[in-house]
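> the sequence and its predicted three-dimensional model are supplied below.
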Number of protein chains: 2
Amino acid sequence: MLQNQLFTKTRKEAPKDEVAKNAQLLIRAGFIHKEMAGAYSFLPLGLMVIEKIKQIVREEMNKIGGQEIIMTSLQRKELWEKTDRWDDEKVDVWFKSALKSGGEVGFGWSHEEPITEMMNSFISSYRDLPVYVYQFQTKMRNELRAKSGIMRGREFVMKDMYSYTTSEEAHKKFYDLTKGAYMRVFERAGLGDRTFLTFASGGAFTKFSHEFQTLTDAGEDVIYLHRGKKIAINKEVLLPEVLEELGVKEAELEEVKAAEVGNIFSFGGSKSEQLGLRFNDEKGEAHPVILGSYGIGITRLMGTVVEIFADDKGIVWPESIAPFKYHLIDLNSKERANKIYKALADKGIEVLFDDRDTRAGEKFADADLIGIPYQVIVSERGEAEKTVEVKNRMTGETKIISEEEFVSS
Amino acid sequence: MLQNQLFTKTRKEAPKDEVAKNAQLLIRAGFIHKEMAGAYSFLPLGLMVIEKIKQIVREEMNKIGGQEIIMTSLQRKELWEKTDRWDDEKVDVWFKSALKSGGEVGFGWSHEEPITEMMNSFISSYRDLPVYVYQFQTKMRNELRAKSGIMRGREFVMKDMYSYTTSEEAHKKFYDLTKGAYMRVFERAGLGDRTFLTFASGGAFTKFSHEFQTLTDAGEDVIYLHRGKKIAINKEVLLPEVLEELGVKEAELEEVKAAEVGNIFSFGGSKSEQLGLRFNDEKGEAHPVILGSYGIGITRLMGTVVEIFADDKGIVWPESIAPFKYHLIDLNSKERANKIYKALADKGIEVLFDDRDTRAGEKFADADLIGIPYQVIVSERGEAEKTVEVKNRMTGETKIISEEEFVSS
């Protein structure tokens, strides 16, 4: 892509009311635009990152048998009344609106209810199970405060998956499979080293639910980390019997700030009971379907990556979710840079080409702010020997290599 | 994909309250699920069709210079007050909700206002223009009635594009370019023959806006068609002077029902004036930016295709937007069918494999209902000579060809 044609521009300053580092940098670099507190539009570079994260998650969910769907945002009052989650005193993040045709609708802040209700159309026998479905949904939450940039939004993208199984054993098997898939997602997105399986309270059906917490000072959570065992404990279950069960001592735990990038939860048969979702077993006896729910905050993950890797010059993207692999920078060597750009484009390699008539200092500052993994500088210095300088944005390392070697690498 | 693993199932009957043929068939075949009137979830097969349509539109919008973004659904009251489109008496399809932090928000039924407001961050000089941006947005419209299935929703997917240019001439050039891109979209989606550029009223800036109307009895519009000139006229501009300008006679026009699958509209500088979006020209003089707006109803297009091509057996997809190219049907020849499935999968060819233990009649009925372009029947009859029967869903033609020829074709 030609940077000259990209309609976004970098900015020296973020809006004054923006306090979160992730949003400040993403706004300054032209990835997002702030519509209001907690609601951001995603501009071309930002949408590219979102789509890359979604594709990683999609691949890992498909691998464990997930089928992708997309539910509606509009929610029927009657449905949520069945599970007693319509009332604002029960759920305090609803956006609700009057319907022109009479009555009220809500806007989906979660989707266990409609997906489980829908499964009544598809599940009646043990032969119909298991079913694993997921979606990338724009969730709406009427948050009182939204100060963490894209890490906690009033409108944000979440991958939510739901499992429907016949038994606790079958549920447990898929639940454990999901743990692995989730860790692969965070590893592929560059967060593997600092993301920890975290024990949290489990509700009526199981002792624990599990969170995936990524260490960052920008996180809103406090967890108790056992680095040796690579696990963490949420404050709500920091109890003597839990420590004993997990085989850790309180003194071995570190209190750290973290962001919850994912969570997995077992509902047992409770929600299926409320919504009438039952299956007949081999003997023709009816049982409630066992439900599990599995979330990954797509926009939160993006914000977390920015918070963790950014330095004083700007954003630093891991290659797996960067909008482009290369940032090709032309310094008065347009003919040569053009040739390299075309060679990369022909090979289908993702490259942002800074073809602007701008001073070198501004180009370097913009490239550092935008944070593409490799900056490839084509300048007069390399003219004679036909070389380019390749700078690794994360490590700062640079090397001079021949054009030919670079293009064929 | 193995049909056995697909969680959706075909149904003999659609919900009793569903009156639209497109929704009845799409529900029966397992493409969509009705949440409420005008709000449908998209199941795996339905989402595949949506993504194929989006990809066609994306390619054509990128070709004419469009850059993809995604705006928020949440809308600020103050912004829409600037253009006098917040009041329910001015716009009667708003969904609005109270904000926990005080005040009201709306849910986007259109996005000219926020996109134009946002451009204040990126456009200040003629050097920043032109800008063409588009999004695939889930629009929310509080319709009093919604009886046309996915052809008119309370929640639906629309591609909306916006052009920002310096002059009427530059605007006109892009506007005409868009006409061509739109016709290519409808041709690629299988609607080319029956989609007509239709003259409609233009508002303050231009005499006409243009609709793209597809002939179908399921459409909500009535247009006046000139088959010879391949144009149509919307009733609102069916006036003697318009007929004269277009060089057509009233007697040559046919009154037909049609669905508006796209529309393009010129705003001139009016909305930019209201929202303060100006640019400085070469002499440093400020002018309002010229705005154009260009919509394609993605879900409406899908519904229109169903209405037009369906027959008494079910849906018929054009190959370009079908969820799969082949529906492989095993009739007691599982080993052979498996081998063919693997060979196709290895080549990356999209195939739905009916591997279910079900009677032949049910498999055929389901395949006809789902409407995948080519049904490939692997049965005992072809066992000896290793042949398969390939049936074209649209024409009904069948031919017997060798396995080898089919797999390598």
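Here it is on my side, so go on.
> near chain B, which residues of the stretch 101-250 of chain A show up?
Within the stretch 101-250 of chain A, the residues that sit near chain B (CB under 8 Å from any CB of the partner chain) are A:101, A:105, A:107, A:114, A:118, A:121-123, A:128, A:131, A:133, A:138, A:140, A:142-145, A:154-155. In short, each C-beta sits where N, CA and C put it, glycine included.
> just the ones of the residues you listed in helices?
Using DSSP state H, the members of these that fall in helices are A:Pro114, A:Met118.
> make a ChimeraX selection of the buried ones in the residues of the stretch 101-250 of chain A next to chain B.
Per 16 or more other CB atoms under 10 Å in any protein chain shown, the buried members of these correspond to this ChimeraX selection:
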select /A:105,107,114,118,121,122,123,128,131,133,138,140,142,143,154,155
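> run through the helices of the stretch 201-350 of chain A in chain order.
Listed in chain order, the helices of the stretch 201-350 of chain A (DSSP state H, counting those that start in this stretch) span A:240-246, A:270-275, A:298-309, A:334-346.
> okay, those, which one's buried deepest?
Highest mean neighbour count among those (mean count of other CB atoms under 10 Å in any protein chain shown): helix A:298-309, with a mean of 26.
> sorry, back to before: export the helices of the stretch 201-350 of chain A to TSV and tack on distance to A:Phe406?
Below are the helices of the stretch 201-350 of chain A laid out as TSV (distance: least, CB to CB, whole Å):
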stretch	distance to A:Phe406
helix A:240-246	50
helix A:270-275	55
helix A:298-309	24
helix A:334-346	7
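> what helix or strand is A:Val57 on?
helix A:44-63 (DSSP states H and E).
> tell me which residues are up against whichever helix or strand comes after that helix.
Once helix A:44-63 ends, the next helix or strand along the chain (criterion: DSSP H and E) is strand A:67-68. Outside strand A:67-68, the residues that touch it by CB atoms under 8 Å, 6 or more residues apart in numbering or on different chains are A:58, A:61-62, A:131-136, B:5-7, B:44, B:47.
> doesn't A:Trp15 belong to a strand?
Let me fix one detail, which is that residue A:15 is Pro and not Trp. No - using DSSP: H, G, I helix; E, B strand; the rest coil, the assignment for A:Pro15 is coil, not a strand.
> thinking again about what came up before, among the contacts of strand A:67-68, which ones are buried?
Among those, the ones that count as buried (16+ other CB under 10 Å) are A:Arg58, A:Met61, A:Val131, A:Tyr132, A:Val133, A:Tyr134, A:Gln135, A:Phe136, B:Leu6, B:Phe7, B:Pro44, B:Leu47.
> let me know the closest of those residues to B:Ala343.
B:Leu6 (20.8 Å; CB to CB).
> need the pLDDT of the closest one.
B:Leu6 carries a pLDDT score of 97 in this model.
> before we move on, what SS does it have?
coil.
> low pLDDT regions in the stretch 151-300 of chain A?
Along the stretch 151-300 of chain A, no part satisfies pLDDT under 70.
> now do the strands in it.
Taking DSSP state E, counting those that start in this stretch as the test, the strands found in the stretch 151-300 of chain A are A:155-165, A:195-201, A:208-215, A:221-226, A:231-234, A:254-268, A:278-280, A:286-288, A:290-297.
> what is the burial count for A:Gly103?
11 (other CB atoms under 10 Å in any protein chain shown).
> B:Ser121 versus that one, what's the distance?
39 Å (CB to CB, to the nearest Å).
> likewise for A:Ile69?
A:Ile69 is 35 Å from B:Ser121, by CB to CB.
> can you check A:Met119 too?
For A:Met119, the distance to B:Ser121 - CB to CB - is 44 Å.
> cool, and A:Leu129?
Counting by CB to CB, the gap from A:Leu129 to B:Ser121 is 51 Å.
> ditto for A:Val91
35 Å.
> surely A:Gly30 is in a helix?
No - A:Gly30 is assigned coil when assessed by three-state DSSP, not a helix.
> quick one: contacts for it?
Applying CB under 8 Å, 6+ apart, the residues near A:Gly30 are A:Leu6, A:Thr8, A:Lys9, A:Thr10, A:Arg11, A:Leu43, A:Leu45, A:Ile370.
> contacting residues for the second one?
Pointing back at A:Thr8 there. Taking CB under 8 Å, 6+ apart as the contact definition, A:Thr8 lies against A:Gly30, A:Phe31, A:Leu43, A:Pro44, A:Leu45, B:Phe122.
> excluding chain neighbours, what is closest to the residue sitting nearest the centre point of chain A?
Geometric centre of chain A, nearest residue: A:Ile298, 2.2 Å, by CA atoms, centre = their mean. Spatially, and ignoring its direct neighbours in sequence, A:Ile298 is nearest to A:Val157 (4.2 Å; CB to CB, 6 or more residues apart in numbering or on different chains).
> which strand residues bridge the one you found?
A:Thr138 (DSSP bridges).
> separation between A:Phe406 and chain B?
27 Å (CB to the nearest CB, to the nearest Å).
> report pLDDT for that residue.
95.
> the one 3 residues further on now?
Reading off the confidence values, A:Ser409 has pLDDT 81.
> then A:Ala345?
So A:Ala345 comes in at 93 (pLDDT).
> would you confirm that it contacts A:Lys339?
No - using CB atoms under 8 Å, A:Ala345 is not in contact with A:Lys339, being 10.8 Å away.
> A:Glu282: neighbouring residues, count only.
9.
> show me the contacts for it.
Applying CB under 8 Å, 6+ apart, we find A:Glu282 in contact with A:Tyr126.
> any idea how far it is from chain B?
16 Å.
> and if you look at A:Gln55?
Note on A:Gln55: its distance to chain B, by CB to the nearest CB, is 12 Å.
> can you name the residue of the stretch 151-300 of chain A nearest chain B?
A:Glu155 (5.1 Å; CB to the nearest CB).
> OK, contacts around that residue?
A:Gly38, A:Ala39, A:Thr138, A:Lys139, A:Met140, A:Arg141, B:Thr72, B:Ser73, B:Leu74.
> got TSV for those, with pLDDT and distance to A:Tyr326 too?
Shown next, in TSV, are the contacts of A:Glu155 (pLDDT from 0 to 100; distance: CB to CB, whole Å):
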residue	pLDDT	distance to A:Tyr326
A:Gly38	96	34
A:Ala39	97	32
A:Thr138	98	31
A:Lys139	98	34
A:Met140	98	37
A:Arg141	97	37
B:Thr72	98	31
B:Ser73	98	34
B:Leu74	98	35
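> going by distance to B:Leu246, which of the residues you listed wins?
B:Ser73 (38.9 Å).
> sweet, I'm off.
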